[in-house]
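Q: When you get a sec, could you give me coordinates for this:
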Amino acid sequence: MHIAIVGNIGAGKTTLTELLAKNYGWEPLFEAVDNNPYLEDFYSDMKRWSFNLQIYFLNSRFEQLLEIQKGPRNIIQDRTIYEDAFIFAENLHDMGLMTSRDHENYAAIFKNITAFIKPPDLLVYLKASVPTLVNNIQHRGREYESGIRLDYLSKLNDKYQKWISSYKLGKLLILDKDNLDFANNTEDLSTIIQMIEREINGLF
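A: Numbers count the residues shown, from 1 in each chain. Model (predicted):
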């Protein structure tokens, strides 16, 4: 079983991944953030480092997926390879922060990679408004995230909405993060687990 948690920066993906992995006794796979050699440079100069950052994410996510497909393990994954392409790289291109040449090169690599991978059994989308995202980003206090622009978060939300509305690769569960506090409220977490189990049971 492969469940993937998707959503904007600050939506609570990592927290939900940890809580679900603990609940089910499954293996969590996290985004390569703390050891990412490009993140700080990217946030200080997005145009210069956008392509490098996205290629790094694409490669690390591909390695994750190859590991997932090696054996019969139950996995909770924090963010997907699809977000790298359809949300972040596309948004950087739209904002003029990635050149068309780089974006076309990136898209071609992504297309080749996705021929070798399977989508998750269940995609869980954490939908969150910009104020909720900002509150969560400020609360976790990562220094390199302190300068993230509101228009950047808003544009990412638009991309997520577009992608999720046309998602057809597998089962999809949408959670409204504005009205769920699974980190601090056990009832909210229980509700999410029940919703996920209904989706999982429908897979068999």
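Q: CA atoms for contacts and neighbours, from now on please.
A: Will do.
Q: Tell me the buried residues in stretch 39-56?
A: L39, F42, Y43, M46, K47, W49, S50, F51, L53, Q54, I55, Y56 (16 or more other C-alpha atoms under 10 Å).
Q: ok, and what's touching stretch 124-136?
A: Under the contact criterion C-alpha atoms under 8 Å, 6 or more residues apart in numbering, stretch 124-136 has outside partners 3-13, 150, 153-154, 157, 164, 172-178.
Q: Apply 7 Å and report the result again.
A: 4-7, 9-11, 153-154, 172-178 (C-alpha atoms under 7 Å, 6 or more residues apart in numbering).
Q: So among the residues you listed, which ones count as buried?
A: A4, I5, V6, G7, I9, G10, A11, L153, S154, L172, L175, K177.
Q: sorry, back to before: for the contacts of stretch 124-136, which one is nearest F116?
A: Proximity of the contacts of stretch 124-136 to F116 (C-alpha to C-alpha) peaks at A4, which lies at 17.6 Å.
Q: And the residue nearest the centre of the protein?
A: R79 (2.7 Å; C-alpha atoms, centre = their mean).
Q: Report the contact partners of it.
A: By C-alpha under 7 Å, 6+ apart, the residues touching R79 are A4, I5, V6, E31.
Q: Does the second one belong to a helix, a strand or coil?
A: Right, I5. Following DSSP: H, G, I helix; E, B strand; the rest coil, I5 is assigned to strand.
Q: Quick check: which ranges of this protein have low pLDDT?
A: 32-34, 141, 143-144, 146-147, 203-204 (pLDDT under 70).
Q: for it, what spans make up the helices?
A: 13-24, 39-44, 46-70, 81-83, 90-94, 100-114, 130-140, 150-165, 186-201 (DSSP state H).
Q: Dump these to CSV, plus distance to D121.
A: Listed next are the helices of the chain as CSV, based on distance: least, C-alpha to C-alpha, whole Å:
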stretch, distance to D121
helix 13-24, 15
helix 39-44, 29
helix 46-70, 12
helix 81-83, 14
helix 90-94, 25
helix 100-114, 15
helix 130-140, 26
helix 150-165, 15
helix 186-201, 8
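Q: and P120, which of those helices is closest to it?
A: Across the helices of the chain, the minimum distance to P120, taken as C-alpha to C-alpha, is reached by helix 46-70, at 9.6 Å.
Q: follow-up on the earlier one: the residue nearest to the centre of the chain and L133: what is the separation?
A: Separation of R79 from L133 (C-alpha to C-alpha, to the nearest Å): 16 Å.
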